[in-house]
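Q: Provided below are the primary sequence and the corresponding predicted coordinates.
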Amino acid sequence: MKIITVERKVLKKNDEVAAENRETFRRQGIFAINLLSSPGAGKTTLLEKTIAALAGALRLAVVEGDVQTDLDAQRISRQGVPVVQIVTHGACHLEAPLVQDAMARLAMDSIDLLIIENVGNLVCPASFDLGEHVKVIVASTPEGDDKPIKYPKMFRVCDVCVLNKIDLLPHVDFDTERFKRFALEINPRITFFETSARTGEGVEEWVEWLRRRSAPAR
Amino acid sequence: MSIAQSIVEIVEETLRAEPGTRVERVVVRIGRLVAVGPDSLAFCYEAITEGTALAGSDLVVEEVPVRVRCRACGETTELETFTFRCARCGGVELSALSGNELVVSHIEVEQ
């Protein structure tokens, strides 16, 4: 028997393309976020409210990742924002080359903020760098306050957490302080926003953060 | 699944320089922070390699523990859980020394 030494990083190709994407964002002065969540946490509804609130203030574009269908992209394009759909045909996460292809279909020189809506999944997307500045996790109250310890890797890589569906707090068994304590144990840098994308409560603080972070990137 | 696919691609590229070999085992090092399950990865590997030159070879995962250094007191410790707190001083500003690996280490072949 013979041993062949390999010592190669499995995600090297993805990471190389992610670095190219990051360089494009830097050159074009674009602030890019990677929006992550379980299916049904309210990412697309939050995105709709975010787009409405930023209209006229920032030039926004969206890359929409879905396993199947372009329903979410249709919802976003109705708001008059450039959107590129990536259908992954079964793959449970976006990868940097897919995002690079999508970027080639956008007018990158006239964008301030690029929002990449990842496939709804809290496992695999955590491992794939897309070149974004910040990974944002959208968690929702019906999912339970133990989400951070169930998906620690995801909470480790996300520096912003939007806790959505706070309008449902009276109806669900969810302890906000417990949730935050779990998340902070995994990632002490994490910043929280508490929103109800449905009622609009708390969305302004989140939007203000996007506005503030996007401005210096320009 | 795409991680297993990437592993297969790396193995196939490596074997191009070693024609006529039959792969017995592929050994990968995976840090605990990567949170890739060894069993599901081995399952995906088996499914992907079925009917290829790699069919019948085993994917072996060596797990790498999470080692961190506390930026406050300098202590180096191994984390058993995902609670990022220094066991000595309770500091939360920790640098990960290991645990993020996702590497094809080596391939064992019969000639």
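A: Noted; the coordinates are in hand.
Q: biggest helix in chain A, by residue count?
A: helix A:12-28 (DSSP state H).
Q: I'd like the distance from the next helix or strand after it to the chain centre, please.
A: The C-terminal neighbour of helix A:12-28 among helices and strands, as given by DSSP states H and E, is strand A:31-37. Computed by CA atoms, centre = their mean, to the nearest Å, the separation of strand A:31-37 from the middle of its chain amounts to 2 Å.
Q: same for the helix or strand just after strand A:31-37, what does it pack against?
A: Sequence-wise, the next helix or strand downstream of strand A:31-37 (DSSP H and E) is helix A:43-54. With contacts taken as 3 or more CB pairs under 8 Å, 6 or more residues apart in numbering or on different chains; DSSP states H and E, helix A:43-54 sits against strand A:31-37, strand A:60-66, helix A:71-77, strand A:113-117, helix A:203-217. Backbone N, C-alpha and C define where each C-beta goes, glycine included.
Q: who does the second one pair up with?
A: Right, strand A:60-66. According to DSSP bridges, strand A:60-66 forms sheet pairs with strand A:83-87 (parallel), strand A:113-117 (parallel).
Q: quick one, that strand and helix A:43-54 angle?
A: With axes from the mean of the first three to the mean of the last three CA atoms, to 10 degrees defining the directions, strand A:60-66 sits at 170 degrees from helix A:43-54.
Q: between strand A:60-66 and helix A:203-217, how many degrees?
A: Going by the same axes, to 10 degrees, strand A:60-66 makes 110 degrees with helix A:203-217.
Q: which ones are touching the spatially closest residue to B:Ala55 that is not a sequence neighbour?
A: The shortest distance from B:Ala55 to any non-neighbouring residue, by CB to CB, 6 or more residues apart in numbering or on different chains, is to B:Thr49 (5.3 Å). Counting by CB atoms under 8 Å, 6 or more residues apart in numbering or on different chains, B:Thr49 touches B:Val8, B:Ala55, B:Gly56, B:Ser57.
Q: same check on B:Gly20?
A: Contacts of B:Gly20 (CB under 8 Å, 6+ apart): B:Gln111.
Q: in what helix or strand does it lie?
A: Here B:Gly20 is assigned to no helix or strand, by DSSP H and E.
Q: distance of it from chain A?
A: Distance, B:Gly20 to chain A, using CB to the nearest CB, to the nearest Å: 11 Å.
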